[in-house]
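*Asks:* Got a sequence here, can you build the structure:
(one chain, ligands or ions: 2)
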Amino acid sequence: MALSGKVALVTGGSQGLGKAFAEILLKHGAKVSLLDINVPTGNKLKAALDEEYGSDRTCFISCDVTSETQLKEAFHKTLESFGRLDIVCNNAGIGNESNWERTVDINLNGVIRGSYLALQYMKKQNKGQGGVIVNIASMAGLGPFLSAPVYTATKHAVVGFSRALADASQVSDYGVRINVLCPSFAKTEILETFNTDDLMGQFSNLRQTTQKLLEHMGVLDPSQVAEHFLQLVTDDSRNGAVLRVTQAGASYMEYPKSVM
Ligand SMILES: NC(=O)c1ccc[n+]([C@@H]2O[C@H](COP(=O)([O-])OP(=O)(O)OC[C@H]3O[C@@H](n4cnc5c(N)ncnc54)[C@H](O)[C@@H]3O)[C@@H](O)[C@H]2O)c1
Ligand SMILES: CCCCC/C=C\C=C\[C@H](O)C/C=C\C/C=C\CCCC(=O)O
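*Replies:* Numbers count the residues shown, from 1 in each chain. Ligands and ions are numbered 1, 2, ... in the order given. A predicted model of the protein is given here:
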């Protein structure tokens, strides 16, 4: 998929990986709708991007992915502002093992809400032009992250949900590809979770083990992660792909062939 003239929507787009995804899409000619609950940071980012790319290339929409109403409205506003929708990145996520129900509502339910709305707006059967969904999981979607069982569960679920949806989309001929990105640790604010007992919940005692894991795996720059995100967006041959990104490089996960 060539990105010039295409329109993307990124949840959790105010900062961190979402910001890096928005920037790489803009660099390649797309327009981007940024959705986030962090309004001051989102507005600041929009102002900075206006300077660099012009004010018609982005919009910022205050939106909580736990609200079906707000998310629906944000998709509607994106279509109203830019006239089309081609790329949806369900990226908003948190680490909170204490209020784990909120973690499930953002990291998993938010991705499901965003993916279903994306299909509704992009599938050919609804007069959409087709497109691509990239859901942001984590290395914790591929193996156990011992200090964060609920975070791990949500990210495994995002991988499974996205792979099943990709098959469903292909068999239904929606014209929409669905891929998953699984980054290792990256330098963003979510890493502050490890310094916050309230968020670490009952496994805050594992802080040192977590710290060792982080030192062992290293910390990626968001721009490195964004390069691989771009691959999932632009490579039309990829549907149901799960791309693992680590300091050592990126590789597609291989799974046994589906029965159907
Ligand atoms: N940084 C890492 O090490 C890492 C590694 C793998 C995967 N991830 C995943 O990447 C995604 C982005 O995280 P990040 O690292 O950029 O962290 P971050 O904390 O910098 O960014 C997360 C963004 O999501 C927004 N957000 C939180 N709850 C929201 C909600 N209910 N509705 C809308 N927006 C909401 C936040 O305001 C913030 O702007 C997450 O899904 C995270 O799990 C991060
Ligand atoms: C306490 C709540 C967790 C907060 C989440 C904060 C940061 C998350 C970062 C990444 O998503 C985690 C990335 C990599 C580590 C995950 C798993 C390591 C083991 C994987 C394996 O064995 O294959």
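
*Asks:* So residue 59, which state does it fall into?
*Replies:* Following DSSP: H, G, I helix; E, B strand; the rest coil, residue 59 is assigned to strand.

*Asks:* My guess is it contacts residue 46. True?
*Replies:* Yes: taking C-beta atoms under 8 Å as the definition, residue 59 is a contact partner of residue 46 at 7.3 Å. All C-beta atoms are positioned from the backbone trio N, CA, C, and that covers glycine.

*Asks:* what separates the one helix or strand in the chain whose mean pLDDT sits lowest from the chain centre, distance-wise?
*Replies:* The weakest-scoring helix or strand in the chain, judged by mean pLDDT, DSSP states H and E, is helix 197-200 (a mean of 92). Averaging C-alpha positions (C-alpha atoms, centre = their mean, to the nearest Å) puts helix 197-200 23 Å from its chain's average.

*Asks:* Also stretch 79-92?
*Replies:* On C-alpha atoms, centre = their mean, the centre of stretch 79-92 falls 13 Å from that of its chain.

*Asks:* Okay, the residue nearest the centre of the chain and residue 43: tell me how far apart.
*Replies:* A centroid search over the chain (C-alpha atoms, centre = their mean) returns residue 91, at 2.3 Å, as the residue closest to the centre. Distance of residue 91 to residue 43, given as C-beta to C-beta, to the nearest Å: 18 Å.

*Asks:* How about residue 255?
*Replies:* Look at residue 255 and residue 43: by C-beta to C-beta, they are 41 Å apart.

*Asks:* Could you check which of these two is surrounded by more residues?
*Replies:* residue 43 (15 against 10; other C-beta atoms under 10 Å).

*Asks:* what helix or strand is that one on?
*Replies:* Using DSSP states H and E, residue 43 sits within helix 39-53.

*Asks:* For that helix, buried residues please.
*Replies:* Across helix 39-53, burial judged by 16 or more other C-beta atoms under 10 Å covers 41, 42, 45, 46, 49, 53.

*Asks:* ok, now stretch 237-252?
*Replies:* 238, 239, 240, 241, 242, 243, 244, 245, 246, 250.

*Asks:* Please report how far the closest residue to the first one other than its chain neighbours lies from ligand 2.
*Replies:* The shortest distance from residue 238 to any residue other than its chain neighbours is 5.6 Å, reached at residue 179 (C-beta to C-beta, 6 or more residues apart in numbering). Note on residue 179: its distance to ligand 2, by C-beta to the nearest ligand atom, to the nearest Å, is 17 Å.

*Asks:* Looking at strand pairing, list the partners for residue 179.
*Replies:* With DSSP bridges as the criterion, residue 179 is bridged to residue 134.

*Asks:* oh, and call the first residue 3 from now on, that's how I've got it
*Replies:* Will do, 3 is the new start, and the previous item becomes residue 181.

*Asks:* Provide a list of residues in contact with it.
*Replies:* Residue 181 sits next to 134-137, 164, 168, 234, 240-245 when contact means C-beta atoms under 8 Å, 6 or more residues apart in numbering.

*Asks:* Closest to ligand 2 out of those residues?
*Replies:* residue 244 (12.4 Å; C-beta to the nearest ligand atom).

*Asks:* Neighbours of the closest residue to the closest one other than its chain neighbours, how many?
*Replies:* Nearest residue to residue 244, sequence neighbours excluded (C-beta to C-beta, 6+ apart): residue 255, at 4.1 Å. Neighbourhood size, residue 255 [other C-beta under 10 Å]: 14.

*Asks:* Appreciated, that's everything.
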